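[1] mind looking at a prediction? Sequence and model below.
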Amino acid sequence: MIASAAAPPQAGIDLHGLTKTFRTPNGPVRAVRGIDVAIAPGETVALLGPNGAGKSTTIDMLLGLARPDAGSVSLFGGTPEDAVAAGRVGAMLQTGSLLRDLNVRELIAMMASLYPDPLDVDEVVELTGLGALVGQRTQKLSGGETQRVRFAVALVSNPDLLVLDEPTVAMDVEGRHAFWQTMRGFASRGKTIVFATHYLEEADDFADRAVLMAHGRVVADGPTTEIKARVGRRTIRATLPGADRDTLRALPGVAAAELRGAAVILSCTDSDTAIRALLAREPQASDIEISGAGLEEAFLELTGGDDHDDEELAA
Ligand SMILES: Nc1ncnc2c1ncn2[C@@H]1O[C@H](COP(=O)(O)OP(=O)(O)OP(=O)(O)O)[C@@H](O)[C@H]1O
């Protein structure tokens, strides 16, 4: 088990007005365009967004690996460099290879020796399910196994903050499941976790909160349930032979109506109002089902409409 850390410090992560532009032969790429995100200690936050949204660049700035053009990063009230040097931050990034010619245990032990208050090596091995691989040379590991060792390396300093950029990308379903189990255990000890992912179900299942990025900006930030609700559309399905589409569409709370044989499908802006109106008008409606928008729908709606505006902003 993870040794209990001191009471979590009050200051968490504060990204303020962060901006980063890359100069390329094809002109400037405005990767991050002024984002403000505050994360409290103990929160688990998913960073979501399509390819090129600016997630990795944001993570690099958060960790002090890239310098923002404008804005500031505060980790636990200090600079990222200080927090990293103190072993308070563990990171698992998309790139980065493992040191070769060491076995898994030797590598974890070596990394542990670099930090003031590391976890016990056996504990890390157990937590990350690496028991069967401790004697394996790092260059002989599969992609999924390498990811698990990288995770062990991120954990070994017993960090207050874990930052993970698409951590489960090379893992199979079982590996992913085991990974999130471990993360749950880690989060339950009051640790702060920030992870970027393309897997919406991981964000939905695991994060307290999602920050949605598109084109270098934050387009939504809140509990995943709230983000789903923001999209607002719920669908009512019912059996209603002989229904009239225009009548249904005119019901309060209904944005669109579709008929498929005896089935009616109502897309609603306010499903509570719509269901009452439907039943008042069509009491014979049966087999009624209401379904909410998924995170996937919310994601597409919230990230899809944000057009590129490089020229305007670069001016
Ligand atoms: N070193 C760099 N030089 C030039 N452009 C870069 C550099 N790093 C990132 N970019 C560009 O900045 C934008 C944001 O990239 P970033 O990697 O932060 O996005 P991302 O949301 O992490 O994407 P993905 O999900 O594909 O990893 C992209 O247009 C990318 O091409």
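    Arrived safely, thanks for sending.
[2] can you pull the poorly scored residue ranges out of this structure?
    1-10, 229-232, 293-294, 296-297, 304-315 (pLDDT under 70).
[3] point to the residue nearest the middle of it.
    By CA atoms, centre = their mean, the mean C-alpha position of the chain lies nearest to residue 46, the distance being 2.0 Å.
[4] that one should be in a helix, yeah?
    No - Residue 46 sits outside any helix when classified using DSSP: H, G, I helix; E, B strand; the rest coil, being strand.
[5] domains for this protein, by residue range?
    13-223, 233-292 (the TED database).
[6] which residues sit in contact with residue 104?
    125, 130, 133-136, 138, 141, 149, 152 (CB atoms under 8 Å, 6 or more residues apart in numbering). Glycine gets a C-beta too; all of them are placed from N, C-alpha and C.
[7] run the last query once more with 6 Å
    130, 133-134, 136, 149 (CB atoms under 6 Å, 6 or more residues apart in numbering).
[8] name the nearest of those residues relative to the ligand.
    residue 149 (21.5 Å; CB to the nearest ligand atom).
[9] deepest-packed of the domains of the chain, please.
    domain 13-223 (a mean of 18; mean count of other CB atoms under 10 Å).
[10] can it be found next to the ligand?
    Yes - Domain 13-223 is in contact with the ligand by CB under 6 Å from any ligand atom, via 22, 24, 29, 31, 49, 51-57.
[11] roughly how far does the residue of the chain most remote from its centre sit from residue 262?
    For the chain, the largest distance from the centre (CA atoms, centre = their mean) belongs to residue 242, which lies 45.2 Å off. Distance of residue 242 to residue 262, computed by CB to CB, to the nearest Å: 8 Å.
[12] the top helix by length along the chain relative to strand 44-48, how many degrees between them?
    If you go by DSSP state H, the chain has its longest helix at helix 173-187. Following axes from the mean of the first three to the mean of the last three CA atoms, to 10 degrees, one obtains 130 degrees for the angle between helix 173-187 and strand 44-48.
[13] who are the packing partners of the helix or strand just after helix 173-187?
    Next along the chain after helix 173-187, taking DSSP states H and E as the criterion, comes strand 192-197. Applying 3 or more CB pairs under 6 Å, 6 or more residues apart in numbering; DSSP states H and E, we find strand 192-197 packed against strand 44-48, strand 161-165.
[14] so for residue 63, which of the ones you listed sits nearest?
    strand 161-165 (6.1 Å; CB to CB).
[15] so what are the sheet partners of that closest one and their directions?
    In the sheet, strand 161-165 lines up against strand 89-92 (parallel), strand 192-197 (parallel) (DSSP bridges).
[16] and the last one, how far from the chain's centre?
    On the basis of CA atoms, centre = their mean, to the nearest Å, strand 192-197 sits 5 Å off its chain's mean C-alpha point.
[17] skip ahead from that strand and say which helix or strand is next.
    Per DSSP H and E, the first helix or strand lying C-terminal to strand 192-197 is helix 200-206.
[18] and the contacts of that following helix?
    Under the criterion CB under 6 Å, 6+ apart, residues 46, 48, 180, 197, 210, 224, 295-296, 299 lie in contact with helix 200-206.
[19] let's go with 8 Å and repeat that
    With CB under 8 Å, 6+ apart as the test, helix 200-206 has contacts from 44, 46, 48, 168, 176, 180, 183-184, 195, 197, 210, 224, 294-296, 299.
[20] now stretch 167-181
    For stretch 167-181, contacts defined as CB under 8 Å, 6+ apart pick out 92, 94, 129, 143-144, 146-148, 151, 195, 197, 199, 202, 205-206.
[21] how about a cut-off of 6 Å?
    With contact meaning CB under 6 Å, 6+ apart, stretch 167-181 is reached by 92, 129, 143-144, 147, 206.
[22] once you drop chain neighbours, what's closest to residue 209?
    Once flanking residues are discounted, residue 209 sits nearest to residue 45: 5.0 Å by CB to CB, 6 or more residues apart in numbering.
[23] what sits opposite the one you found in the beta ladder?
    Note on residue 45: beta-bridge partners by DSSP bridges are residue 194, residue 209.
[24] pretty sure it sits against residue 38.
    No - Residue 45 is beyond contact range of residue 38, at 10.2 Å (criterion: CB atoms under 6 Å).
[25] and for those two, which residues touch both?
    Common contacts of residue 45 and residue 38 (CB under 6 Å, 6+ apart): none found.
[26] quick one, helices of the stretch 1-150 of the chain?
    55-62, 80-85, 104-112, 121-127, 143-155 (DSSP state H, counting those that start in this stretch).
[27] nearest to residue 161, of those?
    Closest to residue 161 of the helices of the stretch 1-150 of the chain is helix 80-85 (CB to CB; 7.2 Å).
[28] now what about that closest one, what contacts it?
    Residues from elsewhere that reach helix 80-85 (CB under 6 Å, 6+ apart): 63-64, 73, 75-76, 89.
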